[in-house]
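Student: Could you work out the structure for the sequence below:
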Amino acid sequence: MLKFLTADRAVIIPESVEFELKKQVYDLPALSQVLDADWISVDRSDDLAFLVAFAKYEERIAVGDLNRGECGVLALGETRGFETVLDDSVPRAIAESEGIAVTATLPLLCTAIREGQLAVPMVESLADDLLAGEYYLPFASGGFRQWAFQEGLIDYQ
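Tutor: As a prediction, this is how the structure comes out:
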């Protein structure tokens, strides 16, 4: 789905996201497809600007190993000018306050619906699957269509 949504744009994840994914592969074997995808690049930045930015975000939002992936995404957005995809509200708010281009998964999916690339029932099913896996979304199971309409992201179909 991500490859489809990104179309011709490069997909680059920081090493901290790769690390988080590798830790979860045992419980979620499907993540190995992300790690093995040839269209996803891992940025292993070790330049000073990136490390300083990473440390700044780590101080703000990391709790142990939690949110370190988001720290890497924010640091790449700040130092490389990349558009970022952040679903957690706190890192997304930080990106907005820092002037980092940011979106989230749901708006990407809604854009694909508006452009006729995805159907609402397909995205509803995906959203319900995410919710079943304890992924936080701003609506309950079965609530995608109403939420997206209320947010002005899709026309009610």
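Student: Kindly report the domain assignment for the chain.
Tutor: The record's domain split for the chain, according to automatic domain parsing, is 2-103, 106-150.
Student: Compute the first-to-last residue distance for the last one.
Tutor: Its first and final residues considered, domain 106-150 spans 13 Å by C-alpha to C-alpha, to the nearest Å.
Student: For it, what is the distance to the chain centroid?
Tutor: The offset between the C-alpha centroid of domain 106-150 and the centroid of the whole chain comes to 14 Å, using C-alpha atoms, centre = their mean, to the nearest Å.
Student: who wins for proximity to Tyr156 among the domains of the chain?
Tutor: Taking C-beta to C-beta, domain 106-150 is the member of these nearest to Tyr156, at 4.4 Å. Bear in mind the C-beta positions are built from the backbone N, C-alpha and C, glycine included.
Student: hmm, back to that, got TSV for the domains of the chain, with mean pLDDT too?
Tutor: Listed next are the domains of the chain as TSV, based on pLDDT from 0 to 100:
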stretch	mean pLDDT
domain 2-103	91
domain 106-150	89
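Student: As TSV, these with mean neighbour count and distance to Tyr156 would be great.
Tutor: Output for the domains of the chain, formatted as TSV (neighbours: other C-beta atoms under 10 Å; distance: least, C-beta to C-beta, whole Å):
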stretch	mean neighbour count	distance to Tyr156
domain 2-103	15	22
domain 106-150	15	4
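Student: Can you read off the pLDDT for Met1?
Tutor: The predicted local confidence for Met1 comes out at a pLDDT of 67.
Student: How about the contacts made by Gly72?
Tutor: 13-17, 43, 54 (C-beta atoms under 8 Å, 6 or more residues apart in numbering).
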